[in-house]
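> pasting the sequence and the predicted coordinates here, then a few questions.
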Amino acid sequence: MSRVVIIGGVAAGMKAAAVGKRRNPELDICVFQDEPDVSYSACGMPYHLADPVAITRQKLVARTVDRFRADGIDLRVRHRVEAVDLERRQVSVKDLDNGSNIIQPFDQLMFATGARAIATKLDLGPGAPAMFQLRSLRDADAICKWIEKARRVVIVGGGYIGLEMAETCRQHGVHTTLVEMAPRLLPGFQPWIGDKVTEQLEQHQVDLLPGRQVIAAEAGRVFLDDGTALECDGVLLCTGVRPNVELALSAGLKLGTTGAITVDHGMRTSAAGVFAAGDCSEASHLVGGTPVWYPLGDVASRQGRVVGTNLAGGEARFPGVLGTAIFRTFDITVARTGLSYTQAKAAGFEAIDVQFEAPSRARYMPGSQPLEVTLVADRITGRVLGAEVASSDAVDKFVDVIATAVWGSLTVGDLADLDLAYAPPFSPLIAPVQVGGELARKRCMDSTT
Ligand code: FAD
């Protein structure tokens, strides 16, 4: 019987444990999770916080600790792995409830340690407002208690979690100020997307302060680097994450250029019999070919499945990622997949991009909204390379079709000719995907002649 130790019990770790045990019931799987909660949807937390009655805490938990144990997985919560000895094939673990130490041997090991919040350095004076981050269900519990009585919040960081939380705070009627260090919102996206989201925030009475940083806090307020003081009774730190790899590094595992653990397509690390998956590991970009780090829940789950299969003796392969992602704030949804124009150029493509607007459904149908899109393709081959899109309707459909096209190496001509579902409530006669394909096809031809 192979002894397996998994470090981390949320998306990647518990998926690997469940799949591994299902595929080979003889596996002796022990999962150490330092939090009391396991297998929960961190992605659902902003929505739970917006409406904890409709989306209860319980609904965010995919499978309970008892359920995993009933399935024969030795799941130990509030146990932190403090050291990994790859030579002796053992981990040393602290029981966070009674402080005792355990040594657990393994034949195969998995790192599923996730990501951790980037620490924000603040000069905290006496009585500073409550500081929150939103990484775990415990963090969500603390915010849930606070938000009921909150009046004014400062959100630090305008990434997707900060933006989702801006909506949540406004739903609770909390006066919301969002402070973003970059000179404009969403610097990783096309500038027009940042402008659209900025308009949304204005429409929903969120005060946006770009190009500034929160540096200090004292009773009832925070201070920005330009001297502005903002009154608030709580601060939400959404300043991004980095891979949680200290343990892996001290065990001697190789890290990649992104700072996350290097893995091959079987999610195997540089050490024999040791796997890594989820936010602590890298992936390769399916178009750009370079190692990338996209800390996303669906990626973690798919990688966890690969590890589970391979722990059980299989030969599963994680092909790579396109960086497909989507989020909503208020009435706007933003999504992307594949390479941006700049990334495509850097990857050596003769990139072209087209920017266009197309209705989400037949123009005369209620609910039809303009989809605004930047589509990127390779001029030489016509291959679809990526897209960014924003609208209040049908963004998910658009981005998923483009992601499929990029995955399947379709050309812009293929996009224009796709046989897609049409009826007025769902799509205009010529779908936005086809509009983009046609425009990009023309652009490719124009720039060749
Ligand atoms: P994690 O979920 O971080 O789990 C790792 C666990 O391991 C943690 O509980 C950690 O405490 C534990 N651990 C670490 N070290 C040790 C140790 N030494 N011993 C024991 N335990 C340890 N992704 C999307 O794709 N779409 C979304 O809409 C989305 N929304 C999000 C919203 C929020 C608010 C947050 C926080 C994340 C969101 N994500 C989203 C990201 C997604 O939740 C993560 O990508 C996913 O949870 C990663 O899973 P993981 O198992 O790799 O790591």
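Sure, I can see it. As the structure is a computational prediction, the values presented were derived from the model and not from experiment.

> state the pLDDT value of residue 449.
pLDDT, residue 449: 60.

> residue in the stretch 101-250 of the chain nearest to the ligand?
Closest to the ligand within the stretch 101-250 of the chain is residue 114: 2.1 Å, counting by Cβ to the nearest ligand atom. For glycine as for every other residue, the C-beta is placed from the backbone atoms N, C-alpha and C.

> this structure against the ligand: which residues are in contact?
7-8, 10-13, 32-35, 42-43, 45-46, 80-81, 112-115, 134-135, 161, 244, 247, 278-279, 295-298, 300 (Cβ under 6 Å from any ligand atom).

> which among these end up buried?
Neighbour counting by 16 or more other Cβ atoms under 10 Å classes 7-8, 10-13, 32-35, 42, 45-46, 80-81, 112-115, 134-135, 161, 244, 247, 278-279, 295-297, 300 among those as buried.

> looking at those residues, which are in helices?
Among these, the members falling in helices (DSSP state H) are 11-13, 45-46, 161, 247, 297, 300.

> residue 424 touches residue 363, doesn't it?
No - with contact defined as Cβ atoms under 8 Å, residue 424 and residue 363 do not form a contacting pair (9.1 Å).

> now residue 203. Nearest residue, chain neighbours left out?
residue 330 (7.2 Å; Cβ to Cβ, 6 or more residues apart in numbering).

> likewise residue 36?
Leaving aside its chain neighbours, residue 36 sits nearest to residue 77 (5.2 Å; criterion: Cβ to Cβ, 6+ apart).

> hey, what's that neighbour bridged with?
residue 33 (DSSP bridges).

> tally of neighbours for it?
17 (other Cβ atoms under 10 Å).

> what does the pLDDT read for it?
pLDDT, residue 77: 98.

> now stretch 432-447, how far from the centre of its chain.
Relative to the centre of its chain, stretch 432-447 is centred 30 Å away, using Cα atoms, centre = their mean, to the nearest Å.

> with only the CA atoms kept, save it in PDB.
The C-alpha coordinates for stretch 432-447 follow below in PDB (Å, rounded to 0.1, in the frame of the first residue of the first chain):
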ATOM      1  CA  PRO A 432     -20.200  38.600 -31.900                       C
ATOM      2  CA  VAL A 433     -17.700  35.800 -32.300                       C
ATOM      3  CA  GLN A 434     -18.400  35.800 -36.100                       C
ATOM      4  CA  VAL A 435     -18.200  39.600 -36.300                       C
ATOM      5  CA  GLY A 436     -14.800  39.400 -34.700                       C
ATOM      6  CA  GLY A 437     -13.700  36.600 -37.000                       C
ATOM      7  CA  GLU A 438     -14.700  38.500 -40.100                       C
ATOM      8  CA  LEU A 439     -13.000  41.800 -39.000                       C
ATOM      9  CA  ALA A 440      -9.800  40.000 -38.100                       C
ATOM     10  CA  ARG A 441      -9.800  38.000 -41.300                       C
ATOM     11  CA  LYS A 442     -10.000  41.300 -43.200                       C
ATOM     12  CA  ARG A 443      -7.300  42.800 -41.100                       C
ATOM     13  CA  CYS A 444      -5.000  39.900 -41.700                       C
ATOM     14  CA  MET A 445      -5.700  40.100 -45.500                       C
ATOM     15  CA  ASP A 446      -5.300  43.900 -45.600                       C
ATOM     16  CA  SER A 447      -1.900  43.700 -43.800                       C
END
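
> identify the residues contacting that stretch?
Contacting residues not belonging to stretch 432-447 are listed as 352, 354, 356, 358-360, 371, 373, 375, 377, 379, 382, 384, 387, 394, 398, 401-402, 405, 411-418, 420, 430 [Cβ atoms under 8 Å, 6 or more residues apart in numbering].

> among the residues you listed, which ones are in strands?
Members of the contacts of stretch 432-447 lying in strands (criterion: DSSP state E): 352, 354, 356, 358-359, 371, 373, 375, 377, 384, 387.

> got these as TSV, with distance to residue 197 and pLDDT columns?
Shown next, in TSV, are these (distance: Cβ to Cβ, whole Å; pLDDT from 0 to 100):
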residue	distance to residue 197	pLDDT
352	25	97
354	21	98
356	19	98
358	20	98
359	21	98
371	15	98
373	15	98
375	20	98
377	25	98
384	25	98
387	17	98
